[in-house]
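Asks: Sharing a model prediction with you, sequence too.
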Amino acid sequence: MSEPLRALALLAAAALGACDGPSGGDAESVTVFAASSLTDAFEELDRGFEADNPGVEVSPSFAGSQVLRVQIEQGAPADVFASADARHMDALLAAGLVEDRRVFAHNELVVIVPVDDPAGIEAFGDLRRARRLVIGDASVPVGRYTRRLLSRAAERLGFDFESDVLGHVVSEETNVRLVRAKVELGEADAAIVYRTDAVASDRVRIVEVPGDLNVRADYHIAVVSASPRRELARRWLAHVEGEAGRRALSEHGFVPAR
């Protein structure tokens, strides 16, 4: 991980540590670290879990999976970690920092363009027309999935397709919400994001990726081993994997794991 990303993660971990503990009275709290792309679905799940568990407060923290991983490695107070890929979860598992790990949802990539689409990108193969393309940084799950997609596309659309597209990248962001924001703000002709982030915005238009080229993103969730509330954390995992959780994930564009 780059030094700027590590510094950002350490700063965020320090801030979380300063506000550790329940926010009021005798409320029991569960702190959930989750990938940025899970924001909308998990905020809905938070409300449902609190309604089903009076006296329990869910404290979410959303960021790039790589940032959250470093926070946990540095001792930030978290009870649950939900990652947008296996890599960062694998690292924590190998270090003995998480337990009860499982895949709970799937996602996929799409291209997004501004609603008025000034570059005229109607199909995935038109991505060459984007003079300003934004993607995820290589340290971020969405960035690695994007590079895997472009590598696959090169085999079908010509090996110059990958180099042409990457040659028009003007920004590489540290989480998928920042990638989407560049298109929403008119600072990019196109971007590659998760489907879930695309459907959550009315300021972008989706251009589909052919199914045989697309990359499936597997989302992993686990209990943080150092959590003093592991049983409560396991209840949260059960909520995510239960009927209400599967419904919320589906409504926000995810495919719940079987």
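Replies: Now that the structure is in, tell me what you want to look at.
Asks: If we ignore the residues flanking it in sequence, what's nearest residue 53?
Replies: Take residue 53 and drop its neighbours on the chain: the residue closest to it by CB to CB, 6 or more residues apart in numbering is residue 235, 7.3 Å away. Glycine gets a C-beta too; all of them are placed from N, C-alpha and C.
Asks: If we go by neighbour counts, what in the host helix or strand of residue 155 is buried?
Replies: In this structure, residue 155 is located in helix 141-157 according to DSSP states H and E. Under the neighbour-count criterion of 16 or more other CB atoms under 10 Å, helix 141-157 has 141-147, 149-150, 152-154, 157 buried.
Asks: Could you do stretch 179-190 as well?
Replies: Here stretch 179-190 shows 179-184, 188-190 as buried, counting by 16+ other CB under 10 Å.
Asks: how long is that stretch from one end to the other?
Replies: Separation of the first and last residues of stretch 179-190 by CA to CA, to the nearest Å is 10 Å.
Asks: And the helices in this protein?
Replies: 3-18, 39-52, 65-73, 86-94, 141-157, 159-166, 176-184, 195-199, 230-241, 243-251 (DSSP state H).
Asks: Tell me which of those sits nearest to residue 127.
Replies: helix 159-166 (5.3 Å; CB to CB).
Asks: in the closest one, what counts as buried?
Replies: Neighbour-count burial for helix 159-166 [16+ other CB under 10 Å]: 161-162, 164-165.
Asks: same check, this time on stretch 40-55
Replies: Result for stretch 40-55 [16+ other CB under 10 Å]: buried residues 40-42, 44-46, 48-49, 53.
Asks: Go ahead and name everything in contact with it.
Replies: 26-28, 32, 34, 56-58, 60, 62, 82, 196, 200, 235-236, 239-240, 244-245, 248-249, 251-252, 254 (CB atoms under 8 Å, 6 or more residues apart in numbering).
Asks: Give me the buried subset of those.
Replies: Counted by 16+ other CB under 10 Å, the contacts of stretch 40-55 give 32, 34, 56-58, 60, 62, 82, 196, 200, 235-236, 239-240, 244-245, 248-249, 252, 254 as buried.
Asks: And for the longest strand seen in the chain, what's in contact with it?
Replies: Criterion DSSP state E: the longest strand present in the chain is strand 98-107. Contacts to strand 98-107, defined as CB under 8 Å, 6+ apart, come from residues 37, 72, 81-82, 84, 89, 92-93, 194-196, 216-225, 230, 234, 237, 240-241, 245, 249, 253-257.
Asks: now the angle between helix 243-251 and that strand, please.
Replies: Between strand 98-107 and helix 243-251, the angle comes out at 40 degrees (axes from the mean of the first three to the mean of the last three CA atoms, to 10 degrees).
Asks: Direction included, what does strand 98-107 pair against?
Replies: strand 217-224 (antiparallel), strand 255-256 (antiparallel) (DSSP bridges).
Asks: That strand: how far from the chain's middle?
Replies: 13 Å (CA atoms, centre = their mean, to the nearest Å).
Asks: I'd like the mean pLDDT over it, please.
Replies: For strand 98-107, mean pLDDT is 98.
Asks: And that strand, what's buried?
Replies: 98, 101, 104-105, 107.
Asks: any chance of these in TSV, plus distance to residue 114?
Replies: Shown next, in TSV, are those (distance: CB to CB, whole Å):
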residue	distance to residue 114
98	39
101	39
104	33
105	28
107	22
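Asks: Give the buried residues for stretch 109-126.
Replies: 109-114, 117, 119, 121, 124, 126.
Asks: Closest one of those to residue 204?
Replies: For the buried residues of stretch 109-126, the nearest to residue 204 is residue 112 (4.1 Å; CB to CB).
Asks: Residue 157 and residue 125, how far apart?
Replies: Residue 157 sits 6 Å away from residue 125, taking CB to CB, to the nearest Å as the criterion.
Asks: Now residue 108. Its backbone dihedrals?
Replies: phi -150, psi 170 (degrees, to the nearest 10).
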